[in-house]
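**Student:** pasted the sequence and its predicted model underneath.
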Amino acid sequence: AQSVTQPDIHITVSEGASLELRCNYSYGATPYLFWYVQSPGQGLQLLLKYFSGDTLVQGIKGFEAEFKRSQSSFNLRKPSVHWSDAAEYFCAVGAGGQNFVFGPGTRLSVLP
Amino acid sequence: SQTIHQWPATLVQPVGSPLSLECTVEGTSNPNLYWYRQAAGRGLQLLFYSVGIGQISSEVPQNLSASRPQDRQFILSSKKLLLSDSGFYLCAWNYVTDTQYFGPGTRLTVL
């Protein structure tokens, strides 16, 4: 069975600083990988996804993520964080249809 | 394009009362449908999923149930709510692309 870990429960960065949120997964084959963002009281919004091909994927809101098979990682990055990026971020692994596993989430706080 | 709706948006219910939350999807046919719960400050817990009308799989035994009376309608129910049922309930759908798309959620407070 697949699993997802997000080692950082809470990260605080200053506005304008760079950001990297870590995600590690466990799965026997090449997974489908996702990052979602959730603002307080809202549903989850898809930021980006990796299915195959180029291991560096671009998403919405200036985010990107890199799939590293050797490290079983799919870290999310943004070069310059905006105050509106403060939210909860979830990494997820899909293995076909209803086989979908979410990580525990990382809460991002942004200092002015 | 596809859209997903949930209602109500917020709900305050007394312990022991019944519950019915509704989720509908537009713009797609025969989607997989999911119910998740988020307790305060915690991640997503998958409660139920459905691959078709009348087909429900339960991931966590509890006093909640789910039904799918129509292709694009998914209902979460309870006969008697517990305090521990409080949380944020999210409905989601996916199809062959695997990407799950989420509704806006329902905030349930059980008093």
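**Tutor:** Good, I have the coordinates. Residues are numbered from 1 along each chain as shown, chains lettered A, B, ... in the order given.
**Student:** contacts, neighbours, all on C-alpha from now
**Tutor:** OK.
**Student:** now residue A:67: how far from chain B?
**Tutor:** Separation of residue A:67 from chain B (Cα to the nearest Cα, to the nearest Å): 17 Å.
**Student:** ok, what's across the strand from that residue?
**Tutor:** residue A:74 (DSSP bridges).
**Student:** show me the shaky parts of chain A.
**Tutor:** Residue ranges of chain A with pLDDT under 70: A:96-98.
**Student:** and the most centrally placed residue in it, what element?
**Tutor:** The centre of chain A sits closest to residue A:35, judged by Cα atoms, centre = their mean, with a distance of 3.6 Å. Using DSSP states H and E, residue A:35 maps to strand A:32-38.
**Student:** and the helices in chain A?
**Tutor:** Along chain A, no segments are classed as helices by DSSP state H.
**Student:** and it, which of its residues are near chain B?
**Tutor:** A:32, A:34, A:41-46, A:49, A:94-98, A:102-105 (Cα under 8 Å from any Cα of the partner chain).
**Student:** in ChimeraX, select just the buried ones from those.
**Tutor:** Selecting only the buried entries of the residues of chain A next to chain B in ChimeraX, with 16 or more other Cα atoms under 10 Å in any protein chain shown as the criterion:
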select /A:32,34,42,43,44,45,46,49,94,95,97,98,102,103,104,105
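**Student:** strands - which of the residues of chain A next to chain B land there?
**Tutor:** A:32, A:34, A:44, A:45, A:46, A:49, A:94, A:102 (DSSP state E).
**Student:** who's the fourth one bridged to?
**Tutor:** Taking DSSP bridges, one finds residue A:37 as the beta-bridge partners of residue A:45.
**Student:** contacts for stretch A:86-99?
**Tutor:** Stretch A:86-99 has contacts (Cα atoms under 8 Å, 6 or more residues apart in numbering or on different chains) with A:2-4, A:6, A:23, A:25, A:31-40, A:100-110, B:32, B:49, B:94-96, B:98-99.
**Student:** now do the same end-to-end measure for stretch A:49-64.
**Tutor:** 10 Å (Cα to Cα, to the nearest Å).
**Student:** the strand holding residue A:35 packs against which elements?
**Tutor:** If contacts are counted by 3 or more Cα pairs under 8 Å, 6 or more residues apart in numbering or on different chains; DSSP states H and E, strand A:32-38 sits against strand A:44-50, strand A:87-94.
**Student:** name the residues that touch the shortest one?
**Tutor:** The list of residues contacting strand A:44-50 from outside it, by Cα under 8 Å, 6+ apart, reads A:32-38, A:57-61, A:63-65, A:67, B:99, B:101-104.
**Student:** residues from chain B in reach of chain A?
**Tutor:** B:32, B:42-44, B:49, B:90, B:94-96, B:98-99, B:101-105, B:107.
**Student:** again, 7 Å this time
**Tutor:** B:43, B:44, B:90, B:95, B:96, B:98, B:102, B:103, B:104, B:105 (Cα under 7 Å from any Cα of the partner chain).
**Student:** filter those to the buried ones?
**Tutor:** B:43, B:44, B:90, B:95, B:98, B:102, B:103, B:104, B:105.
**Student:** now these in a markdown table, with pLDDT and secondary structure?
**Tutor:** Below are these laid out as a markdown table (pLDDT from 0 to 100; DSSP: H, G, I helix; E, B strand; the rest coil):
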| residue | pLDDT | secondary structure |
| --- | --- | --- |
| B:43 | 83 | coil |
| B:44 | 89 | strand |
| B:90 | 96 | strand |
| B:95 | 81 | coil |
| B:98 | 78 | coil |
| B:102 | 95 | strand |
| B:103 | 96 | coil |
| B:104 | 96 | coil |
| B:105 | 96 | coil |
